[in-house]
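Engineer: Generate coordinates for the sequence data below:
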Amino acid sequence: MKFLTALVLSMALAAPSFACTEDGKGGFLPENDLSIPVGSKLAGGLTEAQFNAVIDKLEVIYAPIVAQMGGRLTINRKWTDATVNANATRMGGWIVNMYGGLARHNTITEDGFALVLCHELGHHLGGAPKVGNLFNKWASNEGQADYFATLKCLRKAFLNDNNAQAVARMNVPTTLSEACAKAWPNKDDRAICIRNGMAGVSVAGLFAALRNQPEGKFETPDTNVVSRTDDAHPAHQCRLDTYFQGALCEKSFNEDVSQNDEVKGTCHGKTGYKVGLRPLCWFKPKK
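Structural biologist: Residues are numbered from 1 along each chain as shown. Sure, this is the predicted structure:
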């Protein structure tokens, strides 16, 4: 009995207390050595005012939601930190760390930055499938955090904006505009769908730049099919596909996902959906 108690205690202590942090360099992106300090010649992307405005907007929405769930949300605004990443942890609260280095990357738009923050919030709130073990399984996996970002989070963020005006300034791929028109007959919903997709384009450009690979495209989805759900970062085309499908899913952003049921609040084959499904390049639906 003493041995069993000790084993249980050691497993609990060994349980990871974070998601998306690796050694401090990992997170929304896999570990990378790119650094963009304030004032760098490489700096593009957002200004400090835009950085704070995006965080303000999502903090107002999600701090009360986290409080209702018994947590306390803290978004650390690390504008002067040159790290090109973002991460989430449950050490000392429901924490999200947003770095200025990522915001200053020249591929990042305000909507793209909002998507990254939504992804990190998704580790806390995004539901199943989750990662961890019996003693510590608070975090949604990488693909689910991506899906939550466009399925729920960005829709809340964009709800009261002039989305038609925002979309009018964008160079929208035909595949995205046509798919959003088919999925969302209402013009306001359609504009939000397009903004979601274009936020995905922003971060997909970042993925491609970091890996020195061609950018993902809506018309060339990842055709890989996993034999079991992959909890790690999907390939960058697969991630763009996930943002795209989250944007197309007609489930209301007010219908919460479940922390233990992968079906609730999502578009899922079990409930007859054909569009808006999590891509099979990372997700294996439960039978």
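Engineer: and the longest helix for the chain?
Structural biologist: helix 187-211 (DSSP state H).
Engineer: elements contacting that one?
Structural biologist: If you count contacts as 3 or more CB pairs under 8 Å, 6 or more residues apart in numbering; DSSP states H and E, helix 187-211 packs onto helix 110-125, helix 154-158, helix 163-168, helix 174-183, helix 236-248. All C-beta spots, glycine's among them, are computed from the backbone N, C-alpha and C.
Engineer: okay if I get the ones you listed as CSV plus mean neighbour count?
Structural biologist: Below are those laid out as CSV (neighbours: other CB atoms under 10 Å):
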stretch, mean neighbour count
helix 110-125, 26
helix 154-158, 23
helix 163-168, 15
helix 174-183, 16
helix 236-248, 26
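Engineer: Throw those into JSON lines and include mean pLDDT, thanks.
Structural biologist: Formatted as JSON lines, those follow (pLDDT from 0 to 100):
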{"stretch": "helix 110-125", "mean pLDDT": "98"}
{"stretch": "helix 154-158", "mean pLDDT": "98"}
{"stretch": "helix 163-168", "mean pLDDT": "97"}
{"stretch": "helix 174-183", "mean pLDDT": "98"}
{"stretch": "helix 236-248", "mean pLDDT": "98"}
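Engineer: Among the ones you listed, which comes closest to A191?
Structural biologist: Ranking the helices and strands packed on helix 187-211 by distance to A191, with CB to CB as the measure, places helix 163-168 first at 3.6 Å.
Engineer: who's in contact with stretch 63-75?
Structural biologist: Outside stretch 63-75, the residues that touch it by CB atoms under 8 Å, 6 or more residues apart in numbering are 55, 58-59, 62, 93-98, 117, 124-125.
Engineer: That one spans what distance, first to last residue?
Structural biologist: 9 Å (CA to CA, to the nearest Å).
Engineer: How about A179: what's its closest non-neighbour residue?
Structural biologist: Setting aside the residues directly before and after it, A179 is nearest to L248 in space (CB to CB, 6 or more residues apart in numbering), at 6.0 Å.
Engineer: Test my guess that the one you found contacts C193.
Structural biologist: Yes. In this structure, L248 is within contact of C193 by CB atoms under 8 Å, at 6.6 Å.
Engineer: quick one: contacts for N260?
Structural biologist: Residues near N260 by CB under 8 Å, 6+ apart: A128, K130.
Engineer: at 10 Å what do you get?
Structural biologist: If you count contacts by CB atoms under 10 Å, 6 or more residues apart in numbering, N260 has them with G127, A128, P129, K130, K137.
Engineer: Make TSV from the residues you listed and add secondary structure and neighbour count to it.
Structural biologist: What follows is the contacts of N260, written out as TSV (DSSP: H, G, I helix; E, B strand; the rest coil; neighbours: other CB atoms under 10 Å):
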residue	secondary structure	neighbour count
G127	coil	24
A128	coil	19
P129	coil	19
K130	strand	18
K137	strand	15
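Engineer: any chance of those in JSON lines, with pLDDT too?
Structural biologist: As requested, the contacts of N260 are exported to JSON lines (pLDDT from 0 to 100):
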{"residue": "G127", "pLDDT": "97"}
{"residue": "A128", "pLDDT": "97"}
{"residue": "P129", "pLDDT": "97"}
{"residue": "K130", "pLDDT": "95"}
{"residue": "K137", "pLDDT": "85"}
